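> can you look at this prediction? I've put the sequence above it.
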Amino acid sequence: MLMRILILGGTTEAFALAGRLAGFTEFHPLLSFAGRTGNPRQVSIPTRIGGFGGIHGLERFLADDGVEAVIDATHPFAARISRNAALACVQAQIPLLALRRPPWIRQQGDHWIDVESMTSAAEALGTAPRRVFLTIGRQELHHFEAAKQHIYLVRTVEPIGEALASSNVIAIRDRGPFDEEAERSLMEREGIDILVSKNSGGSATYPKIAAAQALGLPVVMVARPDKPADVPTVTLPEAALEWLRQLHERTP
């Protein structure tokens with residue numbers, strides 16, 4: 001029998017797992033996107049776009065679709081859907097595995113200013129005007145409206161629209177993976193004084209961190225939100241695939 005699998009994600013790891021699952025005939029995977037990116041990458045398995053309507057909506061979806069296993073491969077900062085998935089899977093008695101990339105670790109030569117929130121990140125920029133490279137996505141740009149004295153270089157996948165109401169905004173659109181040399185050139189060309197980043201982990205966007213270190217620039221590093229600690233966790237798509245294969249073998 002085909003095992004029906006729901007993959008929650010849109011991350012590099014989610015796409016990698018989806019690509020591997022496409023080659024296995026014993027699985028029927030579905031990759032779910034939150035819908036915040038208008039032009040997601042193409043994959044070779046079925047996809048859906050949009051939310052579920054909270055915990056109870058996700059429970060109904062799991063039941064209606066006959067889902068037998070869930071992989072939470074969401075972004076490290078997508079705390080709400082991870083909590084909802086944990087609670088819904090407990091209620092539905094469906095196995096859940098988290099596929100979470102490790103966070104970046106401070107290296108020798110890094111000048112990180114560690115903060116716990118976007119509000120604190122904006123405050124950490126100080127009162128004196130600076131040229132700031134914002135690489136936090138568009139959803140939380142509004143936190144920096146309280147610090148309009150700075151000039152912001154904002155890089156996002158989607159247009160920022162009115163997400164940051166300030167006249168001192170330079171918006172660019174690009175999608176990783178990025179190159180350290182190109183990141184360094186961008187920061188030098190724009191006269192960047194400080195970088196603001198989420199601690200997303202992974203290799204696709206780490207070059208900005210390496211470039212900041214090479215240029216001697218400080219980095220305001222926003223810590224990850226807490227995710228359910230009692231969910232089995234792996235860091236590699238290959239490990240998630242092995243978990244699914246073992247689960248399939250044990251399923252009557």
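That came through, no problem. All of these numbers come straight from a predicted model, not from anything done at the bench.
> hang on, Pro228 in a strand?
No: the assignment for Pro228, made by DSSP: H, G, I helix; E, B strand; the rest coil, is coil rather than a strand.
> need the contact list for it.
Going by Cβ atoms under 8 Å, 6 or more residues apart in numbering, Pro228 touches 82-83, 86, 98. C-beta coordinates here come from the backbone N, C-alpha and C atoms, glycine included.
> mind checking how far it is from Ala86?
Using Cβ to Cβ, to the nearest Å, Pro228 is found at 4 Å from Ala86.
> and Pro103, how many neighbours?
Pro103: 14 surrounding residues under other Cβ atoms under 10 Å.
> how about it, what does it touch?
Pro103 touches 76, 199-201, 224, counting by Cβ under 8 Å, 6+ apart.
> against which helices or strands is the helix or strand containing Met187 packed?
Using DSSP states H and E, Met187 maps to helix 180-189. The contact analysis (3 or more Cβ pairs under 8 Å, 6 or more residues apart in numbering; DSSP states H and E) places helix 180-189 against helix 207-215.
> low-scoring stretches of the stretch 1-150 of the chain, by residue?
Segments of the stretch 1-150 of the chain classed as low confidence (criterion: pLDDT under 70) are 35-40.
> can you give me the helices in it?
Secondary structure of the stretch 1-150 of the chain (DSSP state H, counting those that start in this stretch): helices at 12-21, 54-65, 79-92, 118-124.
> just send those back as JSON lines, with distance to Glu162 and mean neighbour count too.
Formatted as JSON lines, these follow (distance: least, Cβ to Cβ, whole Å; neighbours: other Cβ atoms under 10 Å):
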{"stretch": "helix 12-21", "distance to Glu162": "29", "mean neighbour count": "21"}
{"stretch": "helix 54-65", "distance to Glu162": "27", "mean neighbour count": "16"}
{"stretch": "helix 79-92", "distance to Glu162": "23", "mean neighbour count": "19"}
{"stretch": "helix 118-124", "distance to Glu162": "17", "mean neighbour count": "18"}
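> just to revisit the earlier point, next step: the contacts of Pro103 restricted to helices.
With helices defined by DSSP state H, no entry of these lies inside them.
> quick one, what contacts Leu6?
Leu6 neighbours (Cβ under 8 Å, 6+ apart): 29-30, 32, 61-62, 65, 67, 69-71.
> go with 10 Å
29-32, 48, 52, 58, 61-62, 65, 67-72, 85, 89, 94, 96 (Cβ atoms under 10 Å, 6 or more residues apart in numbering).
> what number of residues lie near Gln139?
By other Cβ under 10 Å, the residues close to Gln139 number 13.
> residues contacting it?
Gln139 touches 36, 77, 118, 156, 158, 163, counting by Cβ under 10 Å, 6+ apart.
> taking those as a set, which two sit the farthest apart in space?
Met118 and Glu158 (17.9 Å; Cβ to Cβ).
> circling back: what's the ChimeraX syntax to select whichever of the contacts of Leu6 are buried?
To isolate the buried ones among those in ChimeraX, judged by 16 or more other Cβ atoms under 10 Å, type:
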select :29,30,31,32,52,58,61,62,67,68,69,70,71,72,85,89,94,96
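> strands - which of the contacts of Leu6 land there?
Members of the contacts of Leu6 lying in strands (criterion: DSSP state E): 29-32, 48, 69-72, 96.
> how close does the closest residue to Val43 other than its chain neighbours get to Arg100?
Ranked by Cβ to Cβ, 6 or more residues apart in numbering and with sequence neighbours excluded, the top spatial neighbour of Val43 is Ala18, at 4.6 Å. For Ala18, the distance to Arg100 equals 16 Å [Cβ to Cβ].
> so what pairs up with Arg4 in the strands?
Beta-bridge partners recorded for Arg4 (DSSP bridges): His28.
> for it, grab the count of nearby residues.
Arg4: 15 surrounding residues under other Cβ under 10 Å.
> how far away is it from Ile94?
Taken as Cβ to Cβ, the span from Arg4 to Ile94 is 10 Å.
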